[in-house]
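# this one's sequence-less:
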């Protein structure tokens, strides 16, 4: 069954096997069946293909410029220009999540949209993630993302701001206006923070006439551009939060090699000989 589905889509085949395994494990726990018939090792599954699509530095800057708008009157103590978002029909909170995702190497959901104020230390310039994908971690933050977070924090004192709530949403950096409301499938939204930024993301990408790639590739774009600029794969691995022996970092080695190839082509390129004007004496 796995091979049959895989002949059409390897990714779908792996997903089906994982889903069936969960279902049968549940059946075993409930004692409906004795053993789980879906026993697959990692090497039995189709190799997962990395989505290496990314935006260039210029494209990233264009997206950031559309999603982060500061009040020009608050240079020393940053504030957001909420009127800008309102005039464009954009969600300020969703836009700030996108900006955050392109200003850091963090995962835009678990280490971005879901973060709490208690995880941020402005004094130490660090983000503490106790429940991240790679376990408990602390990450350094750059000046641009710190400026954004300070601007958001200042909005907490602005009555009527989409960042201000009197319930548990006040604990989160990116609170959700839909918390506690019934969604389009009849379920109550139980997340106090914004989890889905797809609509805003599509709007921004379309307005800039860029080729669409998923929002989670923001992290890949940041790390790729960091590698291209620093040429230091060990540093990029540290930025990503990978362990020193992680194979995940090596996906960027190919990108580094592409830069080397381009450099060699530039080095070997023949320089055009500048023509000289001869001066004849009278």
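Received it, and whenever you're ready, just let me know what you need. Since this is a predicted model, take the numbers as computed values, not measurements.
# what bits of this protein have low per-residue confidence?
Scanning the chain with the threshold set as pLDDT under 70 gives 48-49, 131-136, 245, 255-256, 258-267, 269-282.
# ok, and for stretch 5-21, which residues are buried?
Within stretch 5-21, the residues that count as buried by 16 or more other CB atoms under 10 Å are 5-6, 10, 13-14, 16-17, 20. Bear in mind the C-beta positions are built from the backbone N, C-alpha and C, glycine included.
# For residue 159, the count of nearby residues, please.
The number of residues packed near residue 159 is 5, by other CB atoms under 10 Å.
# One more: the one 3 residues further on?
By other CB under 10 Å, the residues close to residue 162 number 21.
# Surely it touches residue 177?
Yes. Between residue 162 and residue 177 there is a contact at 6.3 Å, judged by CB atoms under 8 Å.
# so what's in contact with those two at the same time?
In terms of CB atoms under 8 Å, 6 or more residues apart in numbering, residue 162 and residue 177 are both contacted by the residues 91, 93.
# Now residue 153: closest residue in space, sequence neighbours ignored.
In space, and not counting its chain neighbours, residue 153 is closest to residue 117: 7.3 Å by CB to CB, 6 or more residues apart in numbering.
# Now do the contacts for the one you found.
153, 171-173 are the contacts of residue 117 under CB under 8 Å, 6+ apart.
# Could I get the residues you listed in JSON lines, plus columns for secondary structure and distance to residue 29?
Formatted as JSON lines, the contacts of residue 117 follow (DSSP: H, G, I helix; E, B strand; the rest coil; distance: CB to CB, whole Å):
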{"residue": "153", "secondary structure": "helix", "distance to residue 29": "45"}
{"residue": "171", "secondary structure": "helix", "distance to residue 29": "34"}
{"residue": "172", "secondary structure": "strand", "distance to residue 29": "34"}
{"residue": "173", "secondary structure": "coil", "distance to residue 29": "37"}
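# Just the buried ones among the residues you listed, please.
For the contacts of residue 117, buried by 16+ other CB under 10 Å: 172-173.
# out of the contacts of residue 117, who's nearest residue 181?
Proximity of the contacts of residue 117 to residue 181 was ranked by CB to CB; the top entry is residue 172 with 16.1 Å.
# what sits opposite the closest one in the beta ladder?
Beta-bridge pairing of residue 172 under DSSP bridges involves residue 116.
# farthest pair in the buried residues of stretch 5-21?
For the buried residues of stretch 5-21, and using CB to CB, no pair is farther apart than 10 and 20, which are 16.0 Å apart.
# coming back round to it: any idea how far the residue nearest to residue 153 lies from residue 1?
48 Å (CB to CB, to the nearest Å).
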